[in-house]
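1. Sequence first, predicted coordinates after that:
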Amino acid sequence: MKLFTHPEFAGHEQVVFGHDEASGLRAIIAVHNTHRGPALGGLRMWPYADEGEALTDVLRLARGMTYKSAMAELPLGGGKSVIIGDPRRDKSEALMEAMGRLVDGLGGRYIVAEDSGTTVTDMRVIARRTRHVAGRRERPGYDGRPSDGDPSPATAYGVFVGIRAAVAHRLGRSDLEGLRVAVQGVGSVGRRLAAHLAAAGARLWVTDIDPERRGQAAETLGAEAVPPEAVYDLDVDVFAPCALGAVINDATVPRLRAKVVAGAANNQLAAPRHGEALARRGILYAPDYVINAGGVIDVCYEHLGLDPAGLRAHIERIGDNLAEIFRRAEREGRPTAWVADRIAESRFAAGLHRAAGF
C-alpha cells in the first residue's frame, strides 16, 4: 500500500495508522492542512474491505475538511479519521478509549468529532483519554434550543439554506412551495433536511438503503418512497445526495433529470470531471464541502467556546458563499466545484493563520 503516490494524496501533512490489540482498534488519522489552525474532522467507523479502501476514504475526507473549514472562514485546518469495523457489531467503550489515546498522541494537531458510524456518546468516551475532541457538550443549538452536541441539525439547516440559494440562482425562485426534491439517504442529516423542505412546502421523494428507514421517512413527511437505484431517474427540480460519496459518476450523470444537485453527502463527485459533466448538462452543482459546512461550524463554536448567538448567522452565510460561487462560475464559464476550490485554496494558503471574524 502506497501513500505518497496514492491518487488521493494531496500534500497531506501527516497520516497515522493506529492499532490496539486488546480492543481490536484498526484506525487511520489523516491531517491534510493546518495553516488556518488545528485539523478538525469527524471519526467515521465503517466496515471497509481492507486498509487500502480505508486509506482512500480518509485521505479524500481530510482534504475536504480543509476546504470546508476554509470556505466557512473557521480558524481550523482539515483532518479526518476512520476506524475499520462495523459500528453495529464491533464498537465498544474500550475501542473508543483506544481511539482517544491515538488522537491524544497527535498533541492537538487533530481534533476529533462524530461522523458516520459514531455518536456524541462515543465522543464522550473518547474524551476520557484526550481533550482534543469536539461535539460532546450540551449547549444552545443554531435555533436556540438545547443541543446535546450532535452537529446533524446544524448540517441539515445549512444544506437547506444552500438549496434555497441554488434554487434562487438556477430556477429564479425565492420560495420552495411545490419544489420537487429527491432526497437520497434519510439518516440523521437527510431526515432533518427533508423535514425542513417539507415545512417549506416542497414535494418530496425519499430513498435509503434501509427499507424501514425509507418507509418511516416517507410516512412521517408525506413523501413518496422510491427504491435506491430509481432515485437518479426522477423528474425533479433538486437531487439532494445525503448518503455516501461518489454518487455523481459516469453512470449517474446521464440519468439525472434534476436542474440542481445540492445535498449533505461528502465527496459527491466521483472525479472532478463529473462536475464538468454536470455543468455541460446545465445542472447547477452546489459543492458539497460548501453546502454541508453547518456541522463543522457548529462544533467549532462549541469547541472554541464562541458565543452561540452568532451560530445561526454564520451557518446562513453558506448561502452567501454559494451565491458567490455560482456567479463567478457563470461569469468565468467554469464548473462550480473548480471555482469553490480556488476560493478555498486562497483562504488556506501558507501564511493565512487566522480566519476572518475570529
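-> Thanks, I have it.

2. avg pLDDT for stretch 272-284?
-> For stretch 272-284, the mean pLDDT works out to 97.

3. Ok, stretch 119-135 next?
-> 96.

4. ok, now stretch 298-312?
-> The pLDDT scores in stretch 298-312 average 93.

5. Then stretch 108-116?
-> On average, stretch 108-116 scores 96.

6. Repeat that for stretch 327-339.
-> Here stretch 327-339 scores 98 as its mean pLDDT.

7. mind listing what's buried in it?
-> Buried residues in stretch 327-339, defined by neighbour count with 16 or more other Cβ atoms under 10 Å: 328-329, 334-339. In this view, the C-beta of every residue, glycine as well, is placed from N, C-alpha and C.

8. Kindly report the same for stretch 77-96.
-> 77-85, 87, 90-91, 95-96.

9. for the protein, what spans make up the helices?
-> 51-71, 93-104, 120-126, 152-171, 188-199, 211-221, 272-280, 288-291, 294-304, 311-332, 336-348 (DSSP state H).

10. that older thread, can you tell me which of the buried residues of stretch 327-339 is closest to Ala194?
-> Nearest to Ala194 among the buried residues of stretch 327-339 is Thr336, at 23.5 Å by Cβ to Cβ.

11. now the end-to-end length of stretch 137-155.
-> End-to-end distance for stretch 137-155, by Cα to Cα, to the nearest Å: 17 Å.

12. Show me how far it is from its chain's centre.
-> From the chain centre to the centre of stretch 137-155 is a distance of 16 Å (Cα atoms, centre = their mean, to the nearest Å).

13. got the contact list for that stretch?
-> Stretch 137-155 has contacts (Cβ atoms under 8 Å, 6 or more residues apart in numbering) with 113-114, 119-120, 123, 135-136, 157, 188-189, 192, 264, 292, 294-299, 302, 308, 311-312, 315.

14. buried residues in it?
-> 137, 140-142, 147, 149-155.

15. export those residues to JSON lines and tack on distance to Val238?
-> Formatted as JSON lines, the buried residues of stretch 137-155 follow (distance: Cβ to Cβ, whole Å):
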{"residue": "Arg137", "distance to Val238": "34"}
{"residue": "Pro140", "distance to Val238": "30"}
{"residue": "Gly141", "distance to Val238": "25"}
{"residue": "Tyr142", "distance to Val238": "22"}
{"residue": "Ser147", "distance to Val238": "27"}
{"residue": "Gly149", "distance to Val238": "30"}
{"residue": "Asp150", "distance to Val238": "25"}
{"residue": "Pro151", "distance to Val238": "23"}
{"residue": "Ser152", "distance to Val238": "20"}
{"residue": "Pro153", "distance to Val238": "20"}
{"residue": "Ala154", "distance to Val238": "20"}
{"residue": "Thr155", "distance to Val238": "17"}
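
16. Report the two of these separated the most.
-> Arg137 and Thr155 (17.5 Å).

17. Could you check how many residues crowd around the residue lying closest to Trp46 once chain neighbours are set aside?
-> Among residues not flanking Trp46 along the chain, Gly117 sits closest, at 5.6 Å (Cβ to Cβ, 6 or more residues apart in numbering). For Gly117, the count of nearby residues is 20 (other Cβ atoms under 10 Å).

18. And for the one 4 residues further on?
-> Taking other Cβ under 10 Å as the neighbour definition, Thr121 ends up with a count of 14.

19. what do you get for Ala309?
-> Around Ala309 there are 10 residues (other Cβ under 10 Å).

20. In this structure Asn33 contacts Glu13, no?
-> Yes - here Asn33 reaches Glu13: they are 6.5 Å apart, a contact under Cβ atoms under 8 Å.

21. Can you pick out the residue with more neighbours from these two?
-> Asn33 (26 against 17).

22. The more buried one and Gly201: what is the separation?
-> Asn33 sits at a distance of 41 Å from Gly201 (criterion: Cβ to Cβ, to the nearest Å).

23. Pull the contacting residues for Ile83.
-> Residues in contact with Ile83 (Cβ under 8 Å, 6+ apart) are 25-27, 43-46, 95, 99, 117-118.

24. Now for those, which sits with the most neighbours around it?
-> Met99 (28 neighbours).

25. thinking it is in contact with Ala27, fair?
-> Yes - using Cβ under 8 Å, Met99 is in contact with Ala27, at 6.0 Å.

26. Identify the contacts common to those two.
-> With Cβ under 8 Å, 6+ apart as the test, Met99 and Ala27 both reach 18, 81, 83.

27. so what pLDDT did the first one get?
-> Put plainly, it is Gly18. 98.

28. Then the second one?
-> With respect to pLDDT, Ser81 scores 98.

29. Please name the residues that touch it.
-> Applying Cβ under 8 Å, 6+ apart, the residues near Ser81 are 27-30, 41-44, 58, 99, 103, 110, 112.

30. cool, and Gly185?
-> By Cβ under 8 Å, 6+ apart, Gly185 lies in contact with 207-208, 241-244, 264-265.
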